[in-house]
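Visitor: here you go, sequence then predicted model.
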Amino acid sequence: MPKKTSNGNHGKVSAQPRFHQRAHEIQEYGTVNLALPLELEEPVRLEMTEQLNQMLADTMTLRDLYKKSHWQVAGPTFYQLHLLFDKHFNEQSELVDAIAERIQLLGGLSIAMAHDVAETTQIERPPRGREEVPVQLSRLLEGHQIIIRHCRTLADRASKLGDDGTNDLVVSDVLRTNELQVWFVSEHLVNMPLVEAED
């Protein structure tokens, strides 16, 4: 006779869902799994995953700041900015996945939950209410500036440590996307006449 298990089954697979499960973590945050043969030593992986998690938290915050701006933008440039903000949101979302995947590939654990992101990000938290367009744009540019500054230092450090994959991600994807978005956002802060040209 099959042995009775703790859930009452006799060694059979059951379609009954098992709710409210808890167990110990299988990997602690801030550690790296060295199973993948990447030819990168543990100290390098630890440093890179820590730096990438900072970049991830800031990128997730900037992404969400774009969505907030997309929802709350108002004024004569509503339509153009509504579309631009959503485009940039989608591009930042792609960066979020790319950065998180790099962290996991290095054997680390990517930051994931909103409260952890809020505790980690360097980007200033905006108010819940609606702000004027110039303030929205300024907040976005300040977020980009934080990420771009970090990109430059992290790319240099990754190169020195021999982590070419992280260097390539940071330069080719994160830095270039943020630089391009800075250009598009900045142009909306140029004070140009709308109807009559100035002499």
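Guide: Thanks, I have it.

Visitor: which stretches of this protein form helices?
Guide: 42-72, 78-105, 114-120, 133-161, 164-168, 176-186 (DSSP state H).

Visitor: which strands and helices sit next to the first one?
Guide: To tie it back to what came earlier, the one meant is helix 42-72. Applying 3 or more C-beta pairs under 8 Å, 6 or more residues apart in numbering; DSSP states H and E, we find helix 42-72 packed against helix 78-105, helix 114-120, helix 133-161. In this view, the C-beta of every residue, glycine as well, is placed from N, C-alpha and C.

Visitor: and the contacts of stretch 108-124?
Guide: 27, 29-33, 45-46, 48-50, 52-54, 56-58, 60-62, 65, 99-101, 103-104, 125, 139, 142-143, 146 (C-beta atoms under 8 Å, 6 or more residues apart in numbering).

Visitor: low-scoring stretches of the protein, by residue?
Guide: 1-10 (pLDDT under 70).

Visitor: for stretch 107-121, which positions count as buried?
Guide: In terms of neighbour count (16 or more other C-beta atoms under 10 Å), stretch 107-121 has its buried residues at 107-111, 117, 121.

Visitor: oops, could you answer that again for stretch 136-154 instead?
Guide: For stretch 136-154, by 16+ other C-beta under 10 Å, it's 136-137, 139-141, 143-144, 146-147, 150-151, 154.

Visitor: hmm, back to that, can you redo the buried residues of stretch 107-121 as a markdown table with distance to residue 168?
Guide: Formatted as a markdown table, the buried residues of stretch 107-121 follow (distance: C-beta to C-beta, whole Å):
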| residue | distance to residue 168 |
| --- | --- |
| 107 | 18 |
| 108 | 18 |
| 109 | 22 |
| 110 | 18 |
| 111 | 21 |
| 117 | 24 |
| 121 | 24 |
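
Visitor: just the closest of these to residue 14, please.
Guide: The closest of the buried residues of stretch 107-121 to residue 14 turns out to be residue 109 (C-beta to C-beta; 31.2 Å).

Visitor: now do that closest one against residue 28, distance only.
Guide: Residue 109 is 8 Å from residue 28, where distance means C-beta to C-beta, to the nearest Å.

Visitor: hang on, the earlier thing: mind giving me the PyMOL select for the contacts of stretch 108-124, buried ones only?
Guide: Applying 16+ other C-beta under 10 Å to these, the buried members can be selected in PyMOL as follows:
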select buried, resi 32+45+46+48+49+52+53+54+56+57+58+60+61+62+65+99+100+103+139+143+146
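
Visitor: rewinding a little: which one of the helices and strands packed on helix 42-72 lies nearest to residue 179?
Guide: Closest among the helices and strands packed on helix 42-72, using C-beta to C-beta: helix 133-161, at 6.7 Å.

Visitor: tell me what angle the closest one forms with helix 42-72.
Guide: Computed by axes from the mean of the first three to the mean of the last three C-alpha atoms, to 10 degrees, the angle separating helix 133-161 from helix 42-72 equals 170 degrees.
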